[in-house]
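Enquirer: pasted the sequence and its predicted model underneath.
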Amino acid sequence: MLRVAKSFRDGAGFDTMLVAFALGYLVLFSGFPLVYNLVMSFQSVDLFSLASFDRPFVGLDNYYDVLSRPEAWGIFLNTVKFVGISVAAQLAIGFALALFFQQDFPGSTWLRGLFLAGWIMPALVVGAVWSWILAGDFGVLNHLLMSFGLLEDRVFWLSDPDVALYSVIIANIWLGVPFNMILLSVGLAGIPADIYEAAEMDGANGVQRFFTITLPMMRAQLGAVISLGVIFTLQQFDLFAALTQGGPSNASNVFQYWSWQLSFQHYEIGVGSVISVLMILFVILVAAVYVRSTRHEHVA
Amino acid sequence: MMKKYGLLAVALCLSGIYLFPLYWMYITALKTGTEIFANPPTFWPENPQWAVAEVWTRLKMDVYLRNSLLIASGVTVIVAICGTGCAYVLARIRNRWMDVVLFTVLMMQVLPSSLMITPIFVAFNQVGLNEVPRTAVILAQAAKVLPLYIVLCRATFVQVPRELEEAALVDGNSRIGAFLSIMVPLARNGILVTSVLIFLQSFGEYVYSRSLITQRALQPATVGLQSFMGPNTSDWSGVMTYSAIYVTPVLIIFVLLQRQIVSGLTSGALK
């Protein structure tokens, strides 16, 4: 007993306790549900067996069931499109803005920080505001595009199956640009100025400097921003809830929203768990690559 | 000189374009019911009206916002208590075990709420936590944001010089004494800013609340807004006024702490 007290006073005991406290919480409320999710994906779980612990195991039935549904393929493609287009556009716009705000002019840091106002807002409110901007009849976006002559006729952004997914993508890009920009700005600030000066002396123009200095020096940063972008985009749920609710007829549905719909609107909880398991596995894979790459950079 | 102001002008334009949705929210909130559906839309309200009081009472915003505050405060308290010590240890000690812990924490950070909610709902249901839905949301959301808190706070503790703590230990302080009287006060700013960030994140939490809280009187402002929007909303003035009331405090806190939030994010997110 005395030894424990002594270790707590000036040894590893104190550190262990602090870490164990936080880790215990995470294991209980994140780790356990993670494992439980896996278990449920092999069980038949519905509204009636929800509260009981005795549920029949059905092997891979849930997996076959959900992946052979006719809508599964379309929703999978939507998820890929949603992540691919969002991440690419956030990166391109974020990078361009980061480069721009890197210039020396009064108020640059402050104005750049202002962009984070979008990022800090509750995503559901962002969705509400965008659904008003994108509204077909009275939406301001339609009006602006038509008055600039970019659009012949109104687009029903949220109810047209061909564009509904892109509407959510637009809102998601808006939401994600500031974070990309800030992280890339940090990388740009870390490139020593004398490299640019030397290149300028050697007669390299702006474009050449960008491709020979900026891009190679930013490689690690870009990798981090891309993997974080993929992770955050796969987490996006609130915008779907506020904008299209996956509709019309799954035209804008993605896996993370579908999983929730299956569990909480259709009460097919076992099937919903299957989607969760598949998605979480993918997210963890991306995160592992990201963590490994940043750690590598840390040591070097 | 001219070039600098030219750049400033472009920067103002870019910020203006980016922040247009916020402007549109406030402007719509100020418009009257008929002006909202005017064609072409007006970019400046003709006879601005503050419908704040009316929307506040009609949509029972006091109830929703109180629940949001309650949930966000609960999450912040739990996270600060559980996370600060862990962040400190992770900043101080580097060995194989701490690498494993850090890796685990980073992995926990990426779990999407919308995919964790199913097992959480079923497990909470089995142990009876769904009877106290707000507490259930607080517990779940705290687990969601705890890793982010640890990562950002760790970056703050890394910056506190080790020698100060060692000096305190030589002077006869216990570990816990040195931690509480030296380390925590020195890392105070970082801890505060991170806590505010966690608070704001939880203030806008949606998935867990929507799934775990069925009673209207216990729901937070996000769920309130969603339930009131509906698929065929025509009360856009109400929706935008609601949104404006909801996010204005968030935006004020953000503008006040902008510099600290940006530096906190950048120091933590990439390491």
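Expert: Now that the structure is in, tell me what you want to look at. Numbering: from 1, shown residues only, chains lettered A, B, ... in the order given.
Enquirer: show the contacting residues for A:Gly118.
Expert: A:Gly118 sits next to A:126, A:174-175, A:177-178, B:18-19, B:21-22 when contact means CB atoms under 8 Å, 6 or more residues apart in numbering or on different chains. No exception for glycine: its C-beta is placed from N, CA and C like everyone else's.
Enquirer: swap in 6 Å and give it another go.
Expert: A:Gly118 makes contacts with A:Pro178, as judged by CB atoms under 6 Å, 6 or more residues apart in numbering or on different chains.
Enquirer: helices of the stretch 1-150 of chain A, start to end?
Expert: Residue ranges of the helices in the stretch 1-150 of chain A, as given by DSSP state H, counting those that start in this stretch, are A:2-10, A:12-26, A:32-40, A:61-67, A:70-101, A:108-114, A:116-120, A:123-133, A:140-147.
Enquirer: report the central residue of the chain.
Expert: No chain was given, so I picked chain A. Nearest to the geometric centre of chain A sits A:Phe232, at 1.6 Å (CA atoms, centre = their mean).
Enquirer: sorry, I should have been clearer: chain B.
Expert: Central residue of chain B (CA atoms, centre = their mean): B:Gln201, 1.7 Å from the mean position.
Enquirer: name the SS class of A:Ser276, please.
Expert: At A:Ser276 the chain is in helix, as set by DSSP: H, G, I helix; E, B strand; the rest coil.
Enquirer: ok so, going back, so can I have TSV of the helices of the stretch 1-150 of chain A showing distance to B:Arg216 and mean pLDDT?
Expert: Formatted as TSV, the helices of the stretch 1-150 of chain A follow (distance: least, CB to CB, whole Å; pLDDT from 0 to 100):
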stretch	distance to B:Arg216	mean pLDDT
helix A:2-10	47	59
helix A:12-26	30	87
helix A:32-40	26	91
helix A:61-67	32	87
helix A:70-101	31	93
helix A:108-114	36	86
helix A:116-120	27	87
helix A:123-133	17	92
helix A:140-147	32	87
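Enquirer: highest average neighbour count across the ones you listed?
Expert: Stretch with highest mean neighbour count among the helices of the stretch 1-150 of chain A: helix A:123-133 (a mean of 26; mean count of other CB atoms under 10 Å in any protein chain shown).
Enquirer: B:Tyr5: which of the helices of the stretch 1-150 of chain A is closest?
Expert: Evaluated with CB to CB, these place helix A:108-114 nearest to B:Tyr5, the distance being 12.2 Å.
Enquirer: and the residue in chain A that chain B sits nearest to, what does it touch?
Expert: Going by CB to the nearest CB, chain B is nearest to A:Pro122 of chain A, at 2.5 Å. Residues in contact with A:Pro122, defined by CB under 6 Å, 6+ apart, are B:204, B:222.
Enquirer: on that earlier part again, can you tell me the SS state at the residue nearest to the centre of chain B?
Expert: Assigned by three-state DSSP, the conformation of B:Gln201 is helix.
Enquirer: any idea of the pLDDT on the spatially closest residue to it that is not a sequence neighbour?
Expert: Spatial nearest neighbour of B:Gln201, excluding adjacent residues (CB to CB, 6 or more residues apart in numbering or on different chains): B:Val145 at 5.7 Å. With respect to pLDDT, B:Val145 scores 93.
Enquirer: for B:Ala269, same thing?
Expert: So, for B:Ala269, pLDDT stands at 55.
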